[in-house]
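In: below are the sequence and a predicted model; questions follow.
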Amino acid sequence: MKELRGKVILVTGGASGIGEAAATQLGEYGASVVVADRNLAGAEKVSAELNSHGVAEAIAVEVEVSDEESVRDLVAAAVDTFGRLDGAINCAGVPPAGQPVFELDLDAFERAYLVNLRGMFLSLKYEIPAIRQAGGGAVVAISSTAAVRGLPFSPEYCATKSGVNGLVRAAAIDCAGSGVRVNGLMPDGTLTPMMLAAIERMPALEDPANMPPIQRWARPEEVASAAVWLVSDQASYVHGATIPIDGARTIF
Ligand SMILES: NC(=O)c1ccc[n+]([C@@H]2O[C@H](COP(=O)([O-])OP(=O)(O)OC[C@H]3O[C@@H](n4cnc5c(N)ncnc54)[C@H](O)[C@@H]3O)[C@@H](O)[C@H]2O)c1
């Protein structure tokens, strides 16, 4: 995708799963990539791989997305290193603990809130001004079909991902006319370490009745390619959308 050549794109949750696949594709298209994760060793592995094969340069930065100073430092590190920030794909997130609302610990609810919702808010809060400063670009928030479904045993996940969709709508309106586009993606089950662990815990997830109509889970690359398109200028008229990447789950 020639539109990404020379752009500087930050990926949170870039050490694994959808974020790793997005970072890899961005590098292949010639973007400079900031691979950010609380797992620094994982982020370094992804950035080293990009630097050995990619067209442009990558760096790894440790971040805790729920921590304001950490997110502010991450965006500053991106701008200090590459001189600008053109876009961000925000993938950092934690999965459901697997309890119904009447059994879920408050700690588990608060953990999901801190990472999935507060982390997304802080990411947008600090990324958007830097992208405006660079003359415009795009941010992508990875939500989930759980934002618009009643996913069983996942109250904290459904609630925080619904909040992410709300943030996307609000931020898109707040950024209208600023040159920064804001969009979200709602993946369904995607074969990342997060999902593979859930399948191991609950093998019934693989029953045909529990699969989306397409009758298979997504590969991380299939979600990442939509995120990479959204962050690129090819999606120049897409603003304020939360797009399902879900094998028809949400229309069924
Ligand atoms: N895999 C699925 O089935 C699925 C479905 C719908 C939505 N999603 C969403 O996609 C996103 C990526 O998930 P994935 O499946 O690739 O998971 P993953 O576990 O493979 O990757 C998530 C990454 O986020 C990082 N991370 C977690 N908390 C963090 C924090 N506080 N600060 C910084 N980094 C943090 C992890 O270290 C990890 O590298 C998540 O937001 C998830 O909710 C996943």
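Out: Noted; the coordinates are in hand.
In: phi, psi of residue 245?
Out: Main-chain torsions, residue 245, degrees, to the nearest 10: phi -120, psi 80.
In: select the helix or strand of the chain having the lowest average pLDDT value.
Out: helix 193-201 (a mean of 91; mean pLDDT, DSSP states H and E).
In: do it and the ligand meet at all?
Out: Yes. Remark: helix 193-201 sits within contact range of the ligand at 193-195, by C-beta under 6 Å from any ligand atom. Heads up, the C-betas are built off the backbone N, CA and C, glycines and all.
In: check these for burial and list the buried ones.
Out: With burial judged by 16 or more other C-beta atoms under 10 Å, the buried subset of these is 194-195.
In: ok, the residues of helix 193-201 next to the ligand vs residue 42, which is closest?
Out: Minimum separation from residue 42 among those (C-beta to C-beta) is found for residue 193, which lies at 10.0 Å.
In: now the residue of the stretch 51-200 of the chain found nearest the ligand: closest residue in space, sequence neighbours ignored.
Out: In the stretch 51-200 of the chain, the residue that lies nearest the ligand is residue 93 (2.2 Å; C-beta to the nearest ligand atom). In space, and not counting its chain neighbours, residue 93 is closest to residue 116: 5.0 Å by C-beta to C-beta, 6 or more residues apart in numbering.
In: next one: residue 119
Out: That would be residue 65: by C-beta to C-beta, 6+ apart, it lies 3.2 Å from residue 119.
In: let me know how buried the one you found is, in neighbour terms.
Out: 26 (other C-beta atoms under 10 Å).
In: tell me the secondary structure at it.
Out: Put simply, residue 65 is coil when judged by DSSP: H, G, I helix; E, B strand; the rest coil.
In: contacting residues for it?
Out: Shown in contact with residue 65 (C-beta atoms under 8 Å, 6 or more residues apart in numbering): 12, 38, 71, 90, 92, 115, 118-120, 122-123.
In: if you set the cut-off to 6 Å instead, what comes out?
Out: By C-beta atoms under 6 Å, 6 or more residues apart in numbering, the contact list for residue 65 reads 12, 92, 119, 123.
In: next one: residue 10 from the ligand, what distance?
Out: 12 Å (C-beta to the nearest ligand atom, to the nearest Å).
In: check residue 34 too.
Out: 13 Å.
In: what about that residue, neighbour count?
Out: Other residues near residue 34 number 30, with proximity taken as other C-beta under 10 Å.
In: relative to residue 229, how far out is it?
Out: Residue 34 is 19 Å from residue 229, where distance means C-beta to C-beta, to the nearest Å.
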